[in-house]
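Visitor: Show me how the following folds:
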Amino acid sequence: MIAAKDILDRTVLKLDTSAEFCAARFDCSGKKSLTKGFLYRQPSSEYLYMGEITEAISKHHHCNPESTQWIAGDANLPDINWALMPL
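Guide: Numbering: from 1, shown residues only. Next up, the predicted model:
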């Protein structure tokens, strides 16, 4: 969920994804717009679900290239052995 006061000029961005990722763009008069994206990955999700979230973030960025981007959320990745992950 993204909550904003009515006085803010904002657009909820529609993303074609099954991942739990939502985003909104806030237009700032005289400045670059600010795009905020929020993600959530349930701890019981399969590892491949992170690929879906990554794809959603990538689409989000490519649809708003001139915007300042903020991404936040909870990926719940405590059990990943990062040393064994391919680059």
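Visitor: Please name the nearest non-neighbouring residue to the residue nearest to the spatial centre of the chain.
Guide: Nearest residue to the geometric centre of the chain (Cα atoms, centre = their mean): Gly37, 3.4 Å. The spatial neighbour of Gly37 that comes closest, neighbours along the chain excluded (Cβ to Cβ, 6 or more residues apart in numbering), is Ala23 at 4.1 Å. Heads up, the C-betas are built off the backbone N, CA and C, glycines and all.
Visitor: Just checking: what are the partner strands of the host helix or strand of that neighbour?
Guide: If you go by DSSP states H and E, Ala23 is part of strand 21-26. Applying DSSP bridges, strand 21-26 is found paired with strand 10-13 (antiparallel), strand 34-40 (antiparallel).
Visitor: what about the helices in this structure?
Guide: 49-63 (DSSP state H).
Visitor: pLDDT weak spots in it?
Guide: By pLDDT under 70, the weakly predicted segments of the chain are 1-3, 5, 7, 87.
Visitor: re earlier: and the residue nearest to Gly37, what does it touch?
Guide: 2, 12-13, 15, 35-38, 60 (Cβ atoms under 8 Å, 6 or more residues apart in numbering).
Visitor: Kindly report the same for Tyr47.
Guide: Counting by Cβ under 8 Å, 6+ apart, Tyr47 has contacts Ile80.
Visitor: rerun at 10 Å
Guide: 77, 79-80, 85 (Cβ atoms under 10 Å, 6 or more residues apart in numbering).
Visitor: What spatial separation is found between it and Leu84?
Guide: 12 Å (Cβ to Cβ, to the nearest Å).
Visitor: List the beta-bridge partners for Phe38.
Guide: Cys22, Ala72.
Visitor: So what's the residue count around it?
Guide: 16 (other Cβ atoms under 10 Å).
Visitor: Touching, it and Trp70? I think so.
Guide: Yes - contact status for Phe38 versus Trp70: in contact at 9.1 Å, counting by Cβ atoms under 10 Å.
Visitor: if we can go back for a sec, tell me the contacts of the residue nearest to the centre of the chain?
Guide: Neighbours of Gly37 in contact, by Cβ under 10 Å, 6+ apart: 2, 13, 15, 21-25, 53, 56-57, 60-61, 64, 69-73.
Visitor: Perfect, that will be all.
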